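Enquirer: How does the following fold in three dimensions:
(chains A and B)
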Amino acid sequence: KAGVTQTPRYLIKTRGQQVTLSCSPISGHRSVSWYQQTPGQGLQFLFEYFSETQRNKGNFPGRFSGRQFSNSRSEMNVSTLELGDSALYLCASSSGGATENIQYFGAGTRLSVL
Amino acid sequence: GENVEQHPSTLSVQEGDSAVIKCTYSDSASNYFPWYKQELGKGPQLIIDIRSNVGEKKDQRIAVTLNKTAKHFSLHITETQPEDSAVYFCAATLSGSARQLTFGSGTQLTVLP
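Expert: Residues are numbered from 1 along each chain as shown, chains lettered A, B, ... in the order given. Predicted coordinates for the structure are as follows:
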């Protein structure tokens, strides 16, 4: 079974631009969560999508948004990029049952904002 | 919200020795506690987890213990090997937010040959 696939692996953008990251979950999984990892703040939850609906949202500004498609693939978008948005963005896949906690992570997308 | 503290931030052990990493959480409503291992250039990999109705869980050389009263949980790795060298993260989730993980700050484990 293929794991969680994130594309692209690396991105370089400049301040003010916007960026879209993609995540394909494990086949059959319906939940996708996004996390931001930085040396200063560590791993922080951004949001979770299940059956095309946002279920939970972390404490990030509205510049961070996401969506999920009917095939469970998810995208996250960051608009008006700031230097502080430079981070590793991780996607996690879960089967999505109400009490199903187990999440499997992709390798991440490394975003550098210049 | 939930807050998870993790100690130590770095840990060096000799090959074959044991390693222990400790975490405390703030919200008594937390009910799921996974541990992840992250190697350079890779995403976090789930290595073991425990739920709030269990006090201890073991998987070969790895074990996790949970003390709900004290609100802390620990990762124990026995007979460490060089390939155990990585960053380890503890995490917790609140009941009702099954997949919203709050992570600890991580422990860089180095196993010296």
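Enquirer: residue ranges with poor pLDDT in the chain?
Expert: Picked chain A for this. Applying pLDDT under 70 to chain A flags residues A:1, A:98.
Enquirer: who's in contact with residue A:17?
Expert: Contacts of residue A:17 were listed using CB atoms under 8 Å, 6 or more residues apart in numbering or on different chains, and they are residue A:81. No exception for glycine: its C-beta is placed from N, CA and C like everyone else's.
Enquirer: can you check residue B:28 too?
Expert: If a contact means CB under 8 Å, 6+ apart, then residue B:28 has B:68, B:71 as its contacts.
Enquirer: For it, which three-state class applies?
Expert: The three-state assignment at residue B:28 reads coil, by DSSP: H, G, I helix; E, B strand; the rest coil.
Enquirer: Local confidence estimate at it?
Expert: Predicted confidence (pLDDT) for residue B:28: 90.
Enquirer: how near is it to residue B:69?
Expert: Residue B:28 sits at a distance of 9 Å from residue B:69 (criterion: CB to CB, to the nearest Å).
Enquirer: Can you pull up the residues of chain A that come close to chain B?
Expert: Taking CB under 8 Å from any CB of the partner chain, the part of chain A that reaches chain B is made up of A:4, A:31, A:33, A:35, A:42-45, A:48, A:55-56, A:58-59, A:90, A:92, A:94, A:96, A:98-108.
Enquirer: Could I have the ChimeraX command that selects the buried members from those residues?
Expert: In ChimeraX, a selection of the buried entries from the residues of chain A next to chain B looks like this (16 or more other CB atoms under 10 Å in any protein chain shown):
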select /A:4,31,33,35,42,43,44,45,48,55,56,58,90,92,94,96,101,103,104,105,106,107,108
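Enquirer: Nothing else from me, thank you.
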